[in-house]
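Visitor: kindly generate the corresponding structure for this input.
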Amino acid sequence: MYGEPALPPDFEWLPYVNPDAPGGGRIVFGEAGSFDSLNPHILRGRAPYGVGSYVFESLLGRNWDEPFTLYGLLAESVETPEDRSWVEFTLRPEAAFSDGTPVTVEDVLWSFETLGTQGHPRYRTAWTAVESAEATGPRSVRFTFNTADRELPLILGLRPILKKAQYEGLDFDQSGFGVVPIGSGPYVIGNYEAGRFIELDRDPDWWGRDLPFNRGQHNIGTIRYDYFGDGDVVFEAFKAGTIDSYRETNVVKWAEQYDFPAVTRGEIVQSRIPHERPSGIAGLVMNTRRDAFGDWRVREAMMNAFNFEFINGVLNGGEAPRITSYYSNSELGMRPGPAESRVADLLAPFAETLPPGTLEGYTLPVSDGSERNRAGIARALELMAEAGWTVQEGVMRNASGQPFTFEILLNQGATETQQIVDIFASALRRLGISPRITSVDSAQYEERTQEFEFDMAYYTRGLSLSPGNEQRLYWGSEAANQPGSRNWMGAKSEAIDAMIDEMLASETREDFVAAVRALDRVLTAGRYVIPIWHRPEGYLAHRSSLHFPDDLPIYGDWIGFQPDVWWVEE
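Guide: Numbering: from 1, shown residues only. Coordinates of the predicted model:
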């Protein structure tokens, strides 16, 4: 995106892999919920995560130790002018699908258009920026853009390439099991039972196994995902030896509940994986499309009623650091106090419409840690009164006597989330508010959140060190009413849109960082999400036969780490 790639053209492997890792073996993961589709590229249905990640490939691939730089994968070369008004990819002659047929320019053109017009909404924004798409040679294809956006060549480079012939005569946007997809990636779909398990088997004839980019990656012979009713059952399955790896999110549980026999015998080991990625945002999102949360003062009242210090003490022993902004824990996060320098200049044109605290500085409410949270409850009452809500005969009502009530939507089996919400609901009752708490299965949860059919829900967005066009899908105005977008809060802000545009137009790293910090201020002061905690390091418990390299990527245990660079060795 900026400057030169960190690796030379003749690099032999990525810096965080073991190039001599043995191949074979298997790893079994446990997932809460189920799946009802094998198509990960559409809005309908729920497909297993691994299908999209390991069955399909893109033209370019990420080095997870370097933000904003991609290297050739299906493409042997990429060309783009200084203004990035077009990009041309040339396919490797050896690139092939798992059935042995070559990956062609026709497959690339069809994949881009089909994903951009019939695929999940996350693909559509970039496709609308493509003015023309054409073959320029037997192995080369060029995309010309109709808008100035320096990230577009990188975005197109990460689009999955599908086999056109497999979908001829079929409705691409239909979910289900009618098509077992053929990709060019390291794995093929093996045995599966709808909603219960799926196995991905490493393709012995994988065309890309000898590429320097792939050396030391995708070593494990079989990746299996078993599906369970809820998170507690997944952990019990791990303790019983049914699954091989478990990502822990609770620091108290990590310290106190890993004393079962497999751990004491040394069959299970606990690994802590540090990282340098942003905290992202996780917590309870408020849907501003609903009348209950259209007023920022009501959302701020919810922030004050949410007793983070007490909840953190109960569930984490007070050890988990709170998320203070969307990009906290990184250089991209907003700085404390008033906006300064380039950040202030970027926000100045929107001063009249910015949420309070954006320019002057905004910090989350802090309680005294006691369950009563007197100051927080008192401030919440003041804010609700300013917004036209007061407690009348023990119930929070407006001037017309209508009670203030809302629904909190949860994914069934999310035990920790349920515990958080139970404590929060208890505090709300002291405000005369009795929320309805609804738990639904994973399919219903996905369907309702994609259609924005909720008042408040548990929400998490992992954010990278290289944010770009996906930010429009996360919180851009156009995505606010687009089903399937990640703008669950319904944010519509000229300032947010302008900061995203500024990020995409930046030609220097310095301008880019300033734009992200400005965006972070608007999002945080918007009070859309009641944030909980983040993990500055990952907690992975796994079988002692599973290994990972000593050199870790800056993203730690994120995408591209497990099982990508792991191996099995008894």
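
Visitor: helices or strands next to the one helix or strand residue 391 maps to in the packing?
Guide: Following DSSP states H and E, one finds residue 391 within strand 390-392. Other elements packing on strand 390-392 under the criterion 3 or more Cβ pairs under 8 Å, 6 or more residues apart in numbering; DSSP states H and E are strand 395-397. (Each C-beta comes from the backbone N, C-alpha and C, glycine too.)

Visitor: other SSEs contacting the strand it packs on?
Guide: Secondary-structure packing of strand 395-397 (3+ Cβ pairs under 8 Å, 6+ apart): strand 390-392.

Visitor: partner strands of the strand it packs on, with direction?
Guide: Using DSSP bridges, strand 390-392 pairs in its sheet with strand 395-397 (antiparallel).

Visitor: so for the strand holding residue 391, mean pLDDT?
Guide: When pLDDT is averaged over strand 390-392, the result is 96.

Visitor: other residues contacting it?
Guide: The contact list for strand 390-392, computed with Cβ atoms under 8 Å, 6 or more residues apart in numbering, reads 381, 384, 396, 397, 401, 431, 432.

Visitor: just among these, which is most surrounded?
Guide: In terms of neighbour count, residue 384 stands highest of those at 26 neighbours, by other Cβ atoms under 10 Å.

Visitor: now it: which helix or strand?
Guide: Taking DSSP H and E as the criterion, residue 384 maps to helix 374-386.

Visitor: now that helix, how far from the chain's geometric center?
Guide: Distance of helix 374-386 from its chain centroid, counting by Cα atoms, centre = their mean, to the nearest Å, is 33 Å.

Visitor: 28 is where my numbering starts, stick with that
Guide: Shifting the count to begin at 28 puts that one at helix 401-413.

Visitor: for that helix, which outside residues touch it?
Guide: With Cβ under 8 Å, 6+ apart as the test, helix 401-413 has contacts from 324-325, 327-329, 331-332, 334, 392, 394-395, 417-418, 423, 431, 454, 457-458.

Visitor: quick one on the thing from earlier: which parts of the strand holding residue 418 are buried?
Guide: The neighbour-count check on strand 417-419 (16 or more other Cβ atoms under 10 Å) flags residue 418 as buried.

Visitor: now stretch 206-214
Guide: 208, 209, 210, 211, 212, 213, 214.

Visitor: please tell me how far the residue nearest the centre of the chain sits from residue 499.
Guide: Nearest to the mean C-alpha position of the chain, by Cα atoms, centre = their mean, lies residue 489 at 4.0 Å. To residue 499, residue 489 is 17 Å away according to Cβ to Cβ, to the nearest Å.

Visitor: same question, residue 286
Guide: Distance from residue 286 to residue 499, counting by Cβ to Cβ: 47 Å.

Visitor: likewise for residue 39?
Guide: Applying Cβ to Cβ, the value for residue 39 to residue 499 is 37 Å.

Visitor: neighbour count winner among these two?
Guide: Neighbours were tallied for residue 39 and for residue 499 using other Cβ under 10 Å; the higher tally belongs to residue 499 (23 against 11).

Visitor: following whatever helix or strand that one lives in, which helix or strand shows up next?
Guide: Here residue 499 is covered by helix 497-502, with elements defined by DSSP H and E. Once the chain leaves helix 497-502, the next helix or strand it forms, by DSSP H and E, is helix 521-532.

Visitor: what average pLDDT does that following helix get?
Guide: Helix 521-532 shows a mean pLDDT of 95.

Visitor: equivalent analysis for stretch 212-229, please.
Guide: Per-residue scores along stretch 212-229 average to 97.

Visitor: next one: it to chain centre, how far?
Guide: Per Cα atoms, centre = their mean, the displacement of stretch 212-229 from the mean C-alpha position of its chain is 23 Å.

Visitor: one more: stretch 345-365?
Guide: Offset of stretch 345-365 from its chain centre (Cα atoms, centre = their mean): 18 Å.

Visitor: any buried residues in it, and which?
Guide: Neighbour-count burial for stretch 345-365, counted by 16+ other Cβ under 10 Å, picks out 347, 349-357, 359-361.

Visitor: same question, stretch 474-485
Guide: Within stretch 474-485, the residues that qualify as buried are 474, 476, 477, 479, 481, 482, 483, 484, 485, counting by 16+ other Cβ under 10 Å.

Visitor: from those, which land in helices?
Guide: Using DSSP state H, 474, 476, 477 are the members of these that sit in helices.

Visitor: between the residues you listed, which is closest to residue 273?
Guide: Distance to residue 273 across those (Cβ to Cβ) is lowest for residue 476, with 25.2 Å.

Visitor: okay, that closest one: pLDDT?
Guide: Per-residue confidence (pLDDT) for residue 476: 95.

Visitor: hmm, residue 515 and it touching each other?
Guide: Yes: with contact defined as Cβ atoms under 8 Å, residue 476 counts as touching residue 515 (6.2 Å).

Visitor: could you flag which of the contacts of helix 401-413 are buried?
Guide: Buried subset of these (neighbour count, 16+ other Cβ under 10 Å): 324-325, 327-329, 331-332, 334, 392, 394, 418, 423, 431, 454, 458.

Visitor: tell me, what's touching residue 476 and residue 515 both at once?
Guide: Joint contacts of residue 476 and residue 515 (Cβ under 8 Å, 6+ apart) are residue 484.

Visitor: can you give me the helices in the stretch 128-277 of the chain?
Guide: Using DSSP state H, counting those that start in this stretch, the helices assigned to the stretch 128-277 of the chain run over residues 132-145, 151-155, 179-184, 258-267.

Visitor: most tightly surrounded among these?
Guide: Each of the helices of the stretch 128-277 of the chain was scored by mean neighbour count; the highest is helix 179-184, a mean of 22, by mean count of other Cβ atoms under 10 Å.

Visitor: which strands or helices does it pack on?
Guide: strand 102-106, strand 113-118, helix 151-155, strand 167-172.

Visitor: doesn't residue 38 belong to a strand?
Guide: No: counting by DSSP: H, G, I helix; E, B strand; the rest coil, residue 38 is not found in a strand; it is coil.

Visitor: and it, backbone torsions?
Guide: Phi and psi for residue 38, reported as degrees, to the nearest 10, are phi -60, psi 150.

Visitor: what's around the closest residue to it other than its chain neighbours, how many residues?
Guide: Nearest residue to residue 38, sequence neighbours excluded (Cβ to Cβ, 6 or more residues apart in numbering): residue 239, at 5.8 Å. Residue 239 is flanked by 16 other residues according to other Cβ under 10 Å.
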